[in-house]
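Trainee: The sequence isn't on hand, but the structure is:
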């Protein structure tokens, strides 16, 4: 994307963020999923973007039960008991997870102080399921725990296993989120005969709507040892974006603001598709940068 979308003279992270913020009014910061960011870095995010710009921050992997790279651990986390398998931290102690939440929230405080924090994206792994009652109750309890840890911050929940929204379970899942003012994250992803990915279900469970478009590359979606850009190597066609327009309109009708984030991060696919969808939705939904109120589009970076 750096080579395909940014001009050659926009060559530093600071310049790229400013360039981006002149063209989109929201962004999803995915880097914190891999490592808790330095607070000074986040302070610069806030300083280098104009008033009204919104950051959504993807939670550190340990906060959503993912195995994380031991090398990326915050120094304070290294003191707590944990197992390491092939360089990944697994089965961290509860105290370690508690501290991970605390350190993460401390790191994103500059965005809160600047009024630029939208939500914290909690993307749970495929093994976080509702396949049986025991798992279901255990995982709902974890969502409650995370909700308490995040406090007043907006919580955005993305499931990656379809058991959460299958027939007989969807209504219960959505009601659980709505009762806690948690935003359900609608996704677009490749669909398989085995139904191993989330269906494109849209639902308003809070005043904030959220959509993530991952592309539909079936060959790379579950591939291992490939980059994120290769995994989400997909350019939506105008017809595929047309499919999402009524879903976004429906979500916007039931929320105060709806965010649509493009995660198809190969080449310039994400910014190109974001602009195309904005044109399809029209100015009544996607207002100009100076005060978008109904719908906002951006990229996951």
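Mentor: Good, I have the coordinates. Given the structure is predicted, the values throughout are model-derived calculations rather than measurements. Numbering: from 1, shown residues only.

Trainee: Now for the residue lying closest to residue 262 once chain neighbours are set aside, how many residues are close by?
Mentor: Take residue 262 and drop its neighbours on the chain: the residue closest to it by C-beta to C-beta, 6 or more residues apart in numbering is residue 270, 3.9 Å away. For glycine as for every other residue, the C-beta is placed from the backbone atoms N, C-alpha and C. The number of residues packed near residue 270 is 28, by other C-beta atoms under 10 Å.

Trainee: looking at it, residue 270 is touching residue 4, isn't it?
Mentor: No. In this structure, residue 270 is not within contact of residue 4 by C-beta atoms under 8 Å, at 10.1 Å.

Trainee: Helix, strand or coil: sort out the residue nearest to residue 262 for me.
Mentor: Put simply, residue 270 is helix when judged by DSSP: H, G, I helix; E, B strand; the rest coil.

Trainee: and what of residue 81?
Mentor: Once three-state DSSP is applied, residue 81 turns out coil.

Trainee: give me the number of residues near it?
Mentor: 10.

Trainee: Contact partners for it?
Mentor: 92, 93, 96 (C-beta atoms under 8 Å, 6 or more residues apart in numbering).

Trainee: for the stretch 101-250 of the chain, what spans make up the strands?
Mentor: Secondary structure of the stretch 101-250 of the chain by DSSP state E, counting those that start in this stretch: the strands cover 117-123, 155-158, 183-188, 208-213.

Trainee: Make TSV out of these and add mean pLDDT.
Mentor: Below are the strands of the stretch 101-250 of the chain laid out as TSV (pLDDT from 0 to 100):
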stretch	mean pLDDT
strand 117-123	98
strand 155-158	98
strand 183-188	98
strand 208-213	97
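
Trainee: Distance to residue 83 and mean neighbour count for those - can I get that in TSV?
Mentor: TSV is the format used below for these (distance: least, C-beta to C-beta, whole Å; neighbours: other C-beta atoms under 10 Å):
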stretch	distance to residue 83	mean neighbour count
strand 117-123	23	23
strand 155-158	26	23
strand 183-188	30	25
strand 208-213	31	25
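
Trainee: nearest to residue 48, of those?
Mentor: strand 117-123 (15.3 Å; C-beta to C-beta).

Trainee: and that closest one, which strands flank it?
Mentor: As defined by DSSP bridges, the strand partners of strand 117-123 come to strand 54-58 (parallel), strand 155-158 (parallel).

Trainee: can you tell me the average pLDDT over stretch 53-71?
Mentor: Mean pLDDT, stretch 53-71: 97.

Trainee: meant to ask about stretch 218-231
Mentor: Computed over stretch 218-231, the average pLDDT equals 86.

Trainee: Which positions in that stretch come out as buried?
Mentor: Buried residues in stretch 218-231, counting neighbours by 16 or more other C-beta atoms under 10 Å, are found at 220, 221, 231.

Trainee: likewise stretch 59-74?
Mentor: Buried, per 16+ other C-beta under 10 Å, within stretch 59-74: 59-68, 70, 73-74.

Trainee: what do you get for stretch 165-178?
Mentor: For stretch 165-178, by 16+ other C-beta under 10 Å, it's 165, 170, 173, 174, 176, 177.

Trainee: any weak-confidence spans in the stretch 101-250 of the chain?
Mentor: For the stretch 101-250 of the chain, no stretch is flagged by pLDDT under 70.
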